[in-house]
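# What shape does this take:
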Amino acid sequence: MKWLEPEPLLVCFTDVPDPPRFLNVDTIYHDSVMLTWKPPLNDGGGFITQYIVEKQEQGMTNWIRCCTTRSVCGDDLRWL
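Residues are numbered from 1 along each chain as shown. The predicted structure is shown next:
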């Protein structure tokens, strides 16, 4: 029986990133708000490809997705 030489194996572990930093509601409009934030210091070991913005209406227990964005810093986002 012939044994094969082991080959190197690259393993990459990723985790959930931390939440964005410095989340701020910059402006409140009658039907939307403008949000800004900075990326988290810990990206979980991978690239952050999008942010998901959700809202929770008063008196409700569930969260509703408002939008997704690929913006890295969340600058100048306006959402309901």
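
# so where's the protein shaky on pLDDT?
Under the criterion pLDDT under 70, the flagged ranges of the chain are 1, 12-14, 71-80.

# Quickly list what the residue nearest to the spatial centre of it is bridged to.
Central residue of the chain (Cα atoms, centre = their mean): residue 51, 3.5 Å from the mean position. The residues paired with residue 51 through beta bridges, assigned by DSSP bridges, are residue 69.

# Would you quantify the distance from it to residue 23?
Noted for residue 51: a distance of 10 Å to residue 23, by Cβ to Cβ, to the nearest Å. Yep, even glycine has a C-beta here, placed from its N, CA and C like the rest.

# now do residue 3
Plainly put, residue 3 is 56 Å away from residue 23 if you go by Cβ to Cβ.

# Compare those two (neighbour count), which wins?
In terms of neighbours (other Cβ atoms under 10 Å), residue 23 is the more surrounded of residue 3 and residue 23; the figures are 11 against 5.

# Could you check how far the more buried one is from residue 41?
14 Å.

# SS state for residue 25?
Reducing the assignment to helix, strand or coil with DSSP: H, G, I helix; E, B strand; the rest coil, the entry for residue 25 is strand.

# was I right about it contacting residue 33?
Yes. Look at residue 25 against residue 33 with Cβ atoms under 8 Å: they come within range, at 5.3 Å.

# Between these two, tell me which one has more neighbours.
Looking at residue 25 and residue 33 with other Cβ under 10 Å, you find the greater number of neighbours at residue 33, namely 16 against 9.

# hang on, the earlier thing: so the residue nearest to the centre of the chain makes contact with residue 69?
Yes. Contact criterion Cβ under 8 Å: residue 51 and residue 69 qualify, at 5.3 Å.

# Strands of this protein, start to end?
Counting by DSSP state E, the chain has these strands, from start to end: 21-28, 33-38, 51-55, 64-69, 77-79.

# between the ones you listed, which one is nearest to residue 9?
For the strands of the chain, distance to residue 9 was read as Cβ to Cβ. The smallest value, 32.6 Å, belongs to strand 51-55.
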